[in-house]
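[1] Need a 3D model of the sequence below.
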Amino acid sequence: MGANRKGSHTVFELTVHLVFSTKYRYHVLKGEVQVRCRDIIGQVCDMMDIQIIKGVVTFIYMSVTLQSCQ
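    Predicted coordinates:
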């Protein structure tokens, strides 16, 4: 995947899995809202030099797996 980070005695790779869920599991992430949420997450990741490995947006939740490109 991405470049491994190295310490004096370690080699590691950092991956973050974020899950955003709506209150009371209301179905609000539909249509334009769903597309806009995906676009905003993509823009923020581009600004922060973060690679999106996997992402899912449904009408109840948004799940994103991220990795730093540094």
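[2] CA atoms for contacts and neighbours, from now on please.
    OK.
[3] and the most centrally placed residue in the chain, how far is that from His9?
    For the chain, the residue nearest the mean C-alpha position is Val64 (3.2 Å; CA atoms, centre = their mean). Noted for Val64: a distance of 30 Å to His9, by CA to CA, to the nearest Å.
[4] what helix or strand is Gly55 on?
    strand 50-57 (DSSP states H and E).
[5] Partner strands of that strand, with direction?
    Applying DSSP bridges, strand 50-57 is found paired with strand 61-68 (antiparallel).
[6] any idea how far the strand it pairs with is from the chain center?
    2 Å (CA atoms, centre = their mean, to the nearest Å).
[7] ok, back up a step: now the strand holding Gly55: buried residues?
    For strand 50-57, burial by neighbour count (16 or more other CA atoms under 10 Å) applies to 50-52, 55, 57.
[8] got the contact list for it?
    Here strand 50-57 makes contact (CA atoms under 8 Å, 6 or more residues apart in numbering) with 29, 34, 38, 42, 45, 62-69.
[9] need the helices for the chain, in chain order.
    For the chain, the helices defined by DSSP state H occupy 31-47.
[10] Could you list the low-pLDDT ranges of it?
    The chain contains residues with pLDDT under 70 at 1-3, 70.
[11] hmm, back to that, could the buried residues of strand 50-57 be laid out in JSON lines, adding distance to His17?
    As requested, these are exported to JSON lines (distance: CA to CA, whole Å):
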{"residue": "Ile50", "distance to His17": "13"}
{"residue": "Gln51", "distance to His17": "12"}
{"residue": "Ile52", "distance to His17": "10"}
{"residue": "Gly55", "distance to His17": "9"}
{"residue": "Val57", "distance to His17": "13"}
